[in-house]
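Trainee: One predicted model, sequence on top.
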Amino acid sequence: MKLLKTLLILCLFTAAANAQFVTNSKRVADVYFQNKEYYAAAEYYKRSLQLSSADSAGFVVPYGFANKIKQDNPKKEDYEYSVFQLAESLRLYKNFTDAEKWYALAKEFKDPKYVLATFWYAESLRANQKFEEAIAAFNQFSGKYKLNDTYVTKTKSEIASCQFALFELRYPRLFKLTKLQNDINQKGSNYTPVIKDSKFYFTSSRPVGDAGKKQVLTDQNNAKVSKKESPYLNAVYETPGNPLTGGITIKKVALNSLDKESAAPAFHPNGKAIYITSWTAQGDKKIYQLTSSDKGWSDPVELGSQVNVKGFNSIQPFVTKDGNYLIFSSNRPGGQGKYDLWYCPLRTDGSLGQAINLGNKINSSEDDQAPYYNAQTKKLLFSSNGRIGMGGFDFYESEGDFTNWSEPRNVGYPFNSSKDDIYYTPADNSDTEGYISSDRESLCCLEVFNVKREYLTVKGIVYDCDTKLPLSDATIILVDSLQTLKTTTNQAGEYIFKVSSNRKLKLTAEKDKYFSKILNFSYDDLAKKDTLFSPDICLTPYEIDKPIVLKDVLYEFDKATLTEDSKGKLDHLFSIMEDNPKIEIELSAHTDSKGSDAYNMDLSVRRAKSCVDYLVSKGIPISRMTSRGYGETRPVAPNELPNGKDNPEGRALNRRTEFKVTKK
């Protein structure tokens, strides 16, 4: 489980000198590594390499160190082993900054047992937001890796995630994140924020004291090291009032009298029950329930087999605000991957129904955790490390009702980062503001961030293209990547939307007896906008079977060939046909009276067909259009003046191209 980091345990390095305990730095490091004490392991691998224990974002591999692992060095094998294990230890406690440097050395080793160093080097680059370099490294790994296993699939997924991240960084979404600058983010991991009854609850693994019992760790060869029991223990804390303020009072919540660690509180909406994750160092993680009384919270009671299965972990309970469901994450049998999201119906008497897997729409082949469900909007927000994303755990959103779910979509940057982003709680019912946990600004540990949605205000005026007067009661439909919104214009022709996405946006304006108009705004268009922009829209009126002249549609002299400029004019009709996909039209051409009747009829037929052919070449189906030539039979002005003289102005009006709607 990624969220519980192995922390900076300053009291680890007291290995006993007596005979049954190992004193060789490399062997000590191996024992710590096998016991998942990765920070301690890294420190001892550094000692075996005769390095200082510096651990910071500015870390650089010591100058000349590569000479120690040259081919002719008698200690080459030991050096290579310690370098790779040091990189592994750094990565596993999330210090990707330093891990990158050591993997850069290890990926050059010729021994096949270090072939994965290139993969983890690429992973570290990705975590450090060096996405283009990471893509190159993943491609390098793919080129030299000969097995056909999960790392092949993972490499493809990681490359896709890096490409996704590059796009997201280019087009940030409408969120603002701020790390809490107070005592909530102390040493250790700080996570699972929850707001209940004007109190802010969170889990922290902050130190609870300097003293600790001695523990003995052993490896598979029965080698032993001793360490002090970690003073960093996970417990639930609370603070009254606003967690964004600087001066706050924090106290530990007495939820566990069983000498266990506790995390991830979830409150039943009736206020009579609270659910927590609890565990010991050697035991499985289980979900417990506490009930309220006049004396406070009861002792924790382990939930039954609906939730907790012996030999497996159940974690991160969440109760929906309507009190109908308990959702949790578990690696129990019957899931889609490692940790899956499950839910149990919550009965009115507080008892639980059987656990049901949320299914393969939600759950991936990796870890899916930390559920939050808004019963009003029917949206599920959860974290996963098994999908295309920014990296590590990312937030994904799906709409559903526990029987059907939409395909989860990545919430994007900056809500997500290249590291772990997990646990969301709202500050209001509309989810416009809330809190998450992320290690984006930390070498190792989760911290609590405030997240606020920002908005793009879309407003404008709809008016008549001919009269330039505003149009009231026009229907305006806005579609973005998240939703469809609809409104109507007021007497001044005005409309307004408040949009929470700056992804692709489409505006459609509709009104009876007018052609619909569609405006599309791309990512680049919206990236240039601030939080307000005003697209005005003019609509063209029409009536069935009433001709509309296409102005300035001209042809080569005495031919049916469209001029290049005329093609541009016809693009106006193309837009109308695209924006109004149900209409059918007749496109007609007319001439003046010069020339014979037969010649003018033939010329007009060919010119009308030339226009239709052009629209077909642009993608309009021929089934929606007919072409007609009327020659000189339908003049709209006299070709000659009453005195018999020529009328150039009238002839110009008669040499025209028209269209009319025949079906809508």
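Mentor: In hand now; what should we look at?

Trainee: Please make it C-alpha for all contacts and neighbour counts, starting now.
Mentor: OK.

Trainee: just the helices in the stretch 1-150 of the chain please.
Mentor: Using DSSP state H, counting those that start in this stretch, the helices of the stretch 1-150 of the chain run over 25-34, 38-48, 76-92, 96-106, 117-127, 131-144, 150-170.

Trainee: How about the stretch 551-664 of the chain?
Mentor: 564-579, 597-617, 648-654.

Trainee: How about the last one, which residues are buried there?
Mentor: By neighbour count with 16 or more other CA atoms under 10 Å, helix 648-654 contains the buried residues 650-651, 653-654.

Trainee: What would that helix look like as PDB? C-alpha coordinates only.
Mentor: Extracted in PDB, the C-alpha atoms of helix 648-654 (Å, rounded to 0.1, in the frame of the first residue of the first chain):
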ATOM      1  CA  PRO A 648     -26.600  45.900 -66.200                       C
ATOM      2  CA  GLU A 649     -27.800  46.200 -62.500                       C
ATOM      3  CA  GLY A 650     -30.800  44.000 -63.200                       C
ATOM      4  CA  ARG A 651     -28.800  41.400 -65.100                       C
ATOM      5  CA  ALA A 652     -26.300  41.200 -62.200                       C
ATOM      6  CA  LEU A 653     -29.100  40.400 -59.800                       C
ATOM      7  CA  ASN A 654     -30.400  37.700 -62.100                       C
END
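
Trainee: just how off-centre is that helix within its chain?
Mentor: 61 Å (CA atoms, centre = their mean, to the nearest Å).

Trainee: by contact count, what packs against it?
Mentor: Using 3 or more CA pairs under 8 Å, 6 or more residues apart in numbering; DSSP states H and E as the contact test, no helix or strand touches helix 648-654.

Trainee: which outside residues touch that helix?
Mentor: Surrounding helix 648-654, the residues in contact under the criterion CA atoms under 8 Å, 6 or more residues apart in numbering are 590-593, 632, 634-640.

Trainee: Only the buried members of those: can you turn that into a ChimeraX selection?
Mentor: Remark: buried members of these, expressed as a ChimeraX selection using 16+ other CA under 10 Å:
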select :590,591,592,593,632,635,638,639
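
Trainee: which residues sit in contact with residue 569?
Mentor: Going by CA under 8 Å, 6+ apart, residue 569 touches 550-553.

Trainee: Most neighbours among those residues, which one is it?
Mentor: Counting neighbours by other CA atoms under 10 Å, residue 553 comes out on top of the contacts of residue 569 with 20 neighbours.

Trainee: Domain map for the chain?
Mentor: As recorded under automatic domain parsing, the domains making up the chain are 25-173, 176-209+228-453, 456-539, 548-663.

Trainee: Save those as JSON lines, and put in mean pLDDT too.
Mentor: Formatted as JSON lines, the domains of the chain follow (pLDDT from 0 to 100):
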{"stretch": "domain 25-173", "mean pLDDT": "88"}
{"stretch": "domain 176-209+228-453", "mean pLDDT": "92"}
{"stretch": "domain 456-539", "mean pLDDT": "89"}
{"stretch": "domain 548-663", "mean pLDDT": "91"}
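
Trainee: returning to what we had before: make JSON lines from the helices of the stretch 551-664 of the chain and add distance to residue 454 to it.
Mentor: Shown next, in JSON lines, are those (distance: least, CA to CA, whole Å):
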{"stretch": "helix 564-579", "distance to residue 454": "30"}
{"stretch": "helix 597-617", "distance to residue 454": "42"}
{"stretch": "helix 648-654", "distance to residue 454": "54"}
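
Trainee: So which of those helices has the densest surroundings on average?
Mentor: Mean neighbour count, computed with mean count of other CA atoms under 10 Å, is highest for helix 597-617 among the helices of the stretch 551-664 of the chain, reaching a mean of 19.
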